[in-house]
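A.B. asks: I'd like to go over a predicted model; first the sequence, then the structure.
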Amino acid sequence: MFKVDLGEGAELRPLEPWQAEEFLAHMNRARATVDPWIPWASRSTDLQTARETLQRYADLQARGEGRILGIWLADVLVGGTMAFNLDPQAGVCEIGCWLEPAGTGRGLITQASTHLIDWLITERGVHRVEWHCRPDNVASSNVARRLGMTHEGTLRANFPWQGVRHDSEIWAVLAPEWSGRKEPE
């Protein structure tokens, strides 16, 4: 099985539909901190919808258009990172992340996202990796900075969520900027 040691008892592993029960338990712990930022969090509320969320990513992976990876800390799922909107022809992909409070303050998201970006650029040939976040999600924009991404602009009122339109910051790193990068900053 594929897994990456993130140090201090943390691992990055595939997150698959058969793990829906564990994913749902994690989402129930994480919902208050994840739901405002990740749309599928509010849709993953029971075993069926949790499995559907993971199946959507399994389908993306099968088509070569994305994937989802979990972060386990002491064998407990505490967060993850995902790639989606992967367009192999254009060489562009968006990534995102989430983390429950038990995993914060350890650099897990930065490490996991670094591994995902490395894979996207070196294995999948992606030229541009994007990171979208709301301006009020300071933790997310801080991760983009630590990953060496450039803030390219803000799309005004482009993202409707729970009856309110939100802005989206667009961050990105290009393959030549990432080349040779080994450790998160």
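C.D. replies: Thanks, I have the structure now.
A.B. asks: only C-alpha atoms from now on, for both contacts and neighbour counts.
C.D. replies: Will do.
A.B. asks: could I get the buried residue list for stretch 29-43?
C.D. replies: By neighbour count on 16 or more other CA atoms under 10 Å, the buried set for stretch 29-43 is 29-31, 34-35, 37-38, 41-42.
A.B. asks: mind checking how far residue 85 is from residue 14?
C.D. replies: 18 Å (CA to CA, to the nearest Å).
A.B. asks: who's more crowded, those two?
C.D. replies: residue 14 (18 against 14; other CA atoms under 10 Å).
A.B. asks: can you tell me, leaving aside adjacent residues, what's nearest to the more buried one?
C.D. replies: residue 69 (4.5 Å; CA to CA, 6 or more residues apart in numbering).
A.B. asks: how many neighbours does that neighbour have?
C.D. replies: 22.
A.B. asks: the strand or helix carrying it packs against which elements?
C.D. replies: For residue 69, the host element (DSSP states H and E) is strand 67-73. Applying 3 or more CA pairs under 8 Å, 6 or more residues apart in numbering; DSSP states H and E, we find strand 67-73 packed against strand 10-14, helix 47-62, strand 76-87.
A.B. asks: tell me which stretches of the chain form helices.
C.D. replies: 20-34, 39-43, 47-62, 108-122, 138-146, 175-178 (DSSP state H).
A.B. asks: with distance to residue 76 added, can I get these in CSV?
C.D. replies: Listed next are these as CSV, based on distance: least, CA to CA, whole Å:
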stretch, distance to residue 76
helix 20-34, 8
helix 39-43, 18
helix 47-62, 17
helix 108-122, 13
helix 138-146, 22
helix 175-178, 31
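A.B. asks: low-confidence ranges in this protein?
C.D. replies: 1, 179-185 (pLDDT under 70).
A.B. asks: cutoff 90 now
C.D. replies: Segments of the chain classed as low confidence (criterion: pLDDT under 90) are 1-2, 35-42, 159-163, 179-185.
A.B. asks: ramachandran angles for the residue of the chain positioned farthest from its centre?
C.D. replies: Ranking residues of the chain by C-alpha distance from their mean position (CA atoms, centre = their mean) puts residue 163 at the top, at 23.9 Å. With angles defined as degrees, to the nearest 10, residue 163 sits at phi 80, psi 0.
A.B. asks: would you mind confirming that residue 57 is in contact with residue 70?
C.D. replies: No - look at residue 57 against residue 70 with CA atoms under 8 Å: they stay out of range, at 12.0 Å.
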